[in-house]
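Q: Provided below are the primary sequence and the corresponding predicted coordinates.
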Amino acid sequence: MDAERYRVLKEVQTAVSMLEKCDGFPALIPEVGTNIGMALSGATSTEDIAAVQGRIVRIDGAKVVGNVNFGASRHVAQVILAVMKFDENMRSAMNIKYSPDILSACKKLGFSIASFDRKDEPKDVSTMEWGTSHAIEKFGSIPDVIYDLGGIGKEAMIRVLGRTATDVAKKAIGIANGMRKD
C-alpha cells in the first residue's frame with residue numbers, strides 16, 4: 001500500500017508540474033482556483049485521494065499553493081469517488097473554469113461532454129457527488145468532461161475526468177492549447 005501511495009503522490013505531482021509549465025493553462029483557472037486529484041485503487045474516502053492542499057491559483061501564471069497530499073481536497077475527491085462507482089479505473093479529476101469558449105474547445109477536441117443543473121439537486125446531498133452521478137447516469141457512460149452553469153453563490157465549473165492525473169493534465173493542456181488557437 002505504501003508503494004501505491006507513493007506512486008499516486010508522484011503521479012499528481014507530475015501532473016501539477018505539467019500544468020504549471022503550460023503557458024495557456026492559467027486561462028482555465030476559475031476564481032476559486034483549480035485542483036487535481038487521483039485516488040488509490042479501491043478508494044472509499046477522501047483520505048484515499050491525493051490532491052493539492054491549497055489549490056492551483058492564477059498569480060503571474062499558474063501557481064501551486066500547498067503540497068500534494070492525501071485528503072487535501074474534498075470537492076475533487078467527491079467527484080472522483082462518484083466516478084469510481086461507475087468505473088473503478090477512472091481515478092482522477094480536476095476542476096477548470098467554465099465558459100462557452102472552453103466548452104467549445106472541449107467539443108473541438110472530440111471530448112464527450114455531460115452536464116447537470118444545480119436546480120435539480122435534492123436537499124442534503126453533496127453537490128459534487130450528486131451532480132457527477134446524475135450527469136453520468138443521464139449521459140449513459142463516463143464522459144471526458146462534466147460541467148454545470150453554477151447557481152446562487154456557486155461558480156459555473158467544468159470537471160475533467162480521466163484514469164490518471166497525467167491523463168487529466170494532458171486533457172487540460174489540450175483544452176488550453178485549443179483556446180490559444182481560437
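A: Perfect, I can see it now. Numbering: from 1, shown residues only.

Q: alpha carbons only for contacts and neighbour counts from here, please
A: Fine.

Q: packing partners for the helix or strand of the chain with the lowest mean pLDDT?
A: Across the helices and strands of the chain, mean pLDDT, DSSP states H and E gives its lowest value to strand 62-64, namely a mean of 88. The contact analysis (3 or more Cα pairs under 8 Å, 6 or more residues apart in numbering; DSSP states H and E) places strand 62-64 against helix 2-21, strand 56-58.

Q: what does whatever helix or strand comes next after it contact?
A: The C-terminal neighbour of strand 62-64 among helices and strands, as given by DSSP states H and E, is strand 68-70. For strand 68-70, contacts defined as Cα atoms under 8 Å, 6 or more residues apart in numbering pick out 9, 12-13, 46-53.

Q: ok, now stretch 146-166?
A: With Cα under 8 Å, 6+ apart as the criterion, stretch 146-166 contacts 11-12, 14-15, 18, 30-32, 36-38, 89-98, 113-119, 132, 135, 143-145, 168, 171-172.

Q: so where is this structure shaky, pLDDT-wise?
A: The chain contains residues with pLDDT under 70 at 1, 181-182.

Q: show me where this protein has helices.
A: With helices called from DSSP state H, the chain shows them at 2-21, 74-84, 100-108, 127-139, 165-181.

Q: among those helices, which is the most enclosed?
A: Among the helices of the chain, helix 74-84 has the highest mean neighbour count (mean count of other Cα atoms under 10 Å), at a mean of 25.

Q: relative orientation of it and helix 127-139 in degrees?
A: 30 degrees (axes from the mean of the first three to the mean of the last three Cα atoms, to 10 degrees).

Q: report the contact partners of Ile56.
A: 29, 33-35, 62-65.

Q: sorry, back to before: export the helices and strands packed on strand 62-64 to CSV and tack on distance to Val79?
A: Below are these laid out as CSV (distance: least, Cα to Cα, whole Å):
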stretch, distance to Val79
helix 2-21, 16
strand 56-58, 17
